[in-house]
Structures are given as C-alpha cells and as structure tokens.
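>>> sequence below, structure please.
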Amino acid sequence: MAKTPLRPVKRRRTATPEIDPDPVAAADEDERETGPLRRCAVTRVRLPKDEMIRFVVGPDRQIVPDLAADLPGRGIWLSARGDVLEVACKKGAFARAARGQVVVPPDLVSSITAALLRRIAETLGLARRAGQAISGFAKAREWIAAGRVGVVVQASDGSPDERARFLGAAGSKLSVVTPLDAAGLGAIFGRDHAVHVVVAPGRLAERLRVESAKLAGLLEVKPA
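Next up is the predicted model:
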C-alpha cells in the first residue's frame, strides 16, 4: 500500500508575548541552560537566545548584563524588550529567578543600551578592517548588485526617501538595520557622516543583525 506523502508544516506567526502581570508569582522552573531556547523570566515564553538578554548575579549580588552570554553562573534570561526589562526591575523578577535578594542598578536599561551601541560600533569596525564592509551610496550599491550583502546598515537619521532610493527594488529582500546615526557610522569609516553601509555575509553581519534587533526592541515604545 503506497504511503501518503507528508506535507510540510506551516508555522503560524505568533503575537508578541504578553507580560505576566505578576511575574513574581510565576512558576519557578529550574531549567538548565541547554538547547537553542530560553524562558523569559517575565513573559514565561521560550524564545531563541538571539532574541533575549542574559543576566547573572555578581559576587556582590548585583545584577550584571551578560550580552555575550558567556559569564559563569546561572543565567537569568529576559526578552530583549524595554517594557519587559522595566517590569523585571519593578516587579522583583530578578530576585525571584535568583532565589534571593539582588541589587538592580537604577540605570540598568540605559547601560544595556549603551553597551549594545558599543558592541555594534566595534563589530562594524571589525568588518571594515576585514574588508567585509563598505560605505558610500555608489560602492555599497555595487555590493548589493553583486549579491555581496549580509546586512545593510543605514543611518537612523538619514532621509527616508534617500534610504528607500538606495535600497531600490531589492529592499524587501534585504536585512536592513538602523542602530546608529550618520555621525556614528561616519566615525567608523573615517568620514564626517555615512548613511549607507553594506556588510558582507558572515558571522559579523549576523552579529550586527542580532544586536541591532535587540537594541531596537529595547528602544521601541509600546502602546499604552
């Protein structure tokens, strides 16, 4: 009897996970840090590690962001969203996950934002020095035409019309991030300002995409 061929399963898009109104009362699950997913200490939803920020408790019981996710100790994972971090700081989610009193720095969100900006700038600098990034309208467009593009980095304060003109018809197929302003991009490439940067496919491009997405999540203003 012939076997019926299996049909591919289509994944359904899920809405942004809602914040638990009382994360302190959420079930306490001792989960080992294995596999590609982690559970957010606030929303209680399991997400890919690339969409989250890891924290550890320092020797002085202070909460320490671990953006590289390589510090020793039991990790506390949160979705990379500004509203999630705000709830974690105000509702005691860190203490609950750490199973004891902790010290949450008052400038935690702003310090994470600043650290992500530094990491993004450093990664772009590495890409430039390695010959994996190019700036300038004409040269960057040549890389796009040649298919040599892992991620497009555009200035956050660049003209929307100019940014769209640069991307052209290929815009919908490209991964585009806007973590830095024109002055910040220009400083990396030895210019007063830069609006268009293309980074070749590879590890550095992927790191830029991931960390830019985290930064955007922290800065996004959620509707009331």
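
>>> state the distance from residue 172 to residue 178.
16 Å (C-beta to C-beta, to the nearest Å). The way it works is simple: take the backbone N, C-alpha and C, and place the C-beta from them, glycine included.

>>> comparing those two, which residue is more hemmed in?
Taking neighbours as other C-beta atoms under 10 Å, residue 172 and residue 178 compare with residue 178 leading, 17 against 7.

>>> I figured the more buried one hits residue 156, correct?
Yes - between residue 178 and residue 156 there is a contact at 4.3 Å, judged by C-beta atoms under 8 Å.

>>> domains of the protein?
23-106, 111-219 (automatic domain parsing).

>>> can you flag the weakest of the ones you listed by average pLDDT?
Note on these: domain 23-106 shows the lowest mean pLDDT, a mean of 89.

>>> check the offset of that domain from the chain's centre.
16 Å (C-alpha atoms, centre = their mean, to the nearest Å).

>>> sec struct for the residue lying closest to residue 177 once chain neighbours are set aside, please.
Once flanking residues are discounted, residue 177 sits nearest to residue 212: 3.6 Å by C-beta to C-beta, 6 or more residues apart in numbering. At residue 212, secondary structure determined by DSSP: H, G, I helix; E, B strand; the rest coil is helix.

>>> so residue 212 is in contact with residue 121, correct?
No - Residue 212 is beyond contact range of residue 121, at 11.3 Å (criterion: C-beta under 8 Å).

>>> settle it for me: which of the two has more neighbours?
Neighbours around residue 212 and residue 121, counted as other C-beta under 10 Å, are more numerous at residue 212. The numbers are 23 against 16.

>>> doesn't residue 193 belong to a helix?
No - assigned with three-state DSSP, residue 193 falls outside any helix and is coil.

>>> look up phi and psi at it.
phi -160, psi 160 (degrees, to the nearest 10).

>>> ok, now the one 4 residues further on?
Main-chain torsions, residue 197, degrees, to the nearest 10: phi -140, psi 140.
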